[in-house]
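J.: take this sequence and fold it.
(one chain, ligands or ions: 1)
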Amino acid sequence: MALRNYKDKSPLLDPSVYVDDSAVLVGDIQIGANSSIWPLVAARGDVNYIRIGKRTNVQDGSVLHLTRASKQHPQGFPLIIGDDVTVGHKVMLHGCTLGNRILVGMGAIVMDNVIVEDDVIIGAGALVPPNKTLQSGYLYVGSPAKQARPLTEDERAFLTISAQNYVELKNDYLQG
Ligand SMILES: CC(C)(COP(=O)(O)OP(=O)(O)OC[C@H]1O[C@@H](n2cnc3c(N)ncnc32)[C@H](O)[C@@H]1OP(=O)(O)O)[C@@H](O)C(=O)NCCC(=O)NCCS
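T.: Numbers count the residues shown, from 1 in each chain. Now for the predicted structure:
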């Protein structure tokens with residue numbers, strides 16, 4: 001069973017969302033229309049919450065978690081992902097906020113209280129340390145991630161295309 005309760009919270013999914021049977025979604029998670037969750041994703045909305053927007057895909061083996069409230073950080077750090085975001089294979093997203101039209105490259109790690117503005121690419125294998133803001137319109141690579149260059153027009157266009165490709169793919173899967 002892919003969807004599990006935590007206390008009185010259970011995942012709330014738009015009916016058009018696709019979740020692979022092998023993914024595990026726990027607790028306070030909301031996912032918007034036409035998003036997709038691929039094999040072996042683990043998303044745990046227990047000590048805070050996870051919100052995922054529309055047409056966003058979270059690819060195989062990615063891990064999504066968050067940080068509880070504390071004296072130092074009374075709200076803790078929920079995980080918030082916007083619309084048209086591509087989260088590549090085996091990405092770790094922890095207590096961060098992602099805007100819209102973002103590609104998180106395979107194997108990247110994005111840590112607590114990071115803000116990723118709209119229209120950003122994070123290169124495969126990047127590590128984004130806590131509390132950083134990634135500026136709209138740029139490519140970031142490396143560990144720790146550094147601003148590499150502005151995105152090209154083709155790359156900006158690809159962000160939406162990638163999200164749309166995954167909407168079509170999840171529709172195929174939903175149709176069996
Ligand atoms: C970073 C990326 C966007 C390519 O950017 P680019 O500017 O076109 O890079 P190039 O291929 O021209 O390489 C430029 C330099 O960056 C290096 N580089 C490429 N990708 C890199 C990465 N992820 N991290 C660090 N360095 C990288 C190259 O080795 C090259 O270095 P060199 O000049 O010393 O030889 C791409 O490699 C990437 O990581 N894409 C993510 C794809 C993905 O994970 N998709 C999700 C699954 S669908």
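J.: what parts of this structure come near the ligand?
T.: Gly88, His89, Leu103, Gly105, Met106, Ile121, Gly123, Ala124, Gly125, Leu139, Val141, Gly142 (C-beta under 6 Å from any ligand atom). Where you see a C-beta, it was placed from the backbone N, CA and C, and this is true even at glycine.
J.: contacting residues for Leu174?
T.: Applying C-beta atoms under 8 Å, 6 or more residues apart in numbering to Leu174 gives the contacts Tyr18.
J.: quick check, it in a strand?
T.: No - looking at Leu174 with DSSP: H, G, I helix; E, B strand; the rest coil, it is helix, so not inside a strand.
J.: can you pull the buried residues of the longest strand along the chain?
T.: As assigned by DSSP state E, the longest strand anywhere in the chain is strand 42-52. Within strand 42-52, the residues scored as buried using 16 or more other C-beta atoms under 10 Å are Ala43, Arg44, Gly45, Asp46, Asn48, Tyr49, Ile50, Arg51, Ile52.
J.: quick one: average confidence on the helix or strand following it?
T.: Using DSSP states H and E, the helix or strand that follows strand 42-52 in sequence is strand 57-58. Strand 57-58 comes out with an average pLDDT of 99.
J.: quick one, what contacts Met106?
T.: Counting by C-beta under 8 Å, 6+ apart, Met106 touches Gln59, Gly88, His89, Lys90, Val91, Ala124, Gly125.
J.: sec struct for it, please.
T.: On the three-state scheme (three-state DSSP), Met106 is labelled coil.
J.: give me the phi and psi for it.
T.: Dihedral angles of Met106 (phi, psi; degrees, to the nearest 10) stand at phi -50, psi 140.
J.: test my guess that Gly99 contacts Glu117.
T.: Yes - Gly99 is within contact range of Glu117, at 5.2 Å (criterion: C-beta atoms under 8 Å).
J.: can I get the contacts of Met106 in CSV including distance to Tyr6 and secondary structure?
T.: Listed next are those as CSV, based on distance: C-beta to C-beta, whole Å; DSSP: H, G, I helix; E, B strand; the rest coil:
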residue, distance to Tyr6, secondary structure
Gln59, 24, coil
Gly88, 27, coil
His89, 26, coil
Lys90, 24, coil
Val91, 22, coil
Ala124, 31, coil
Gly125, 31, coil
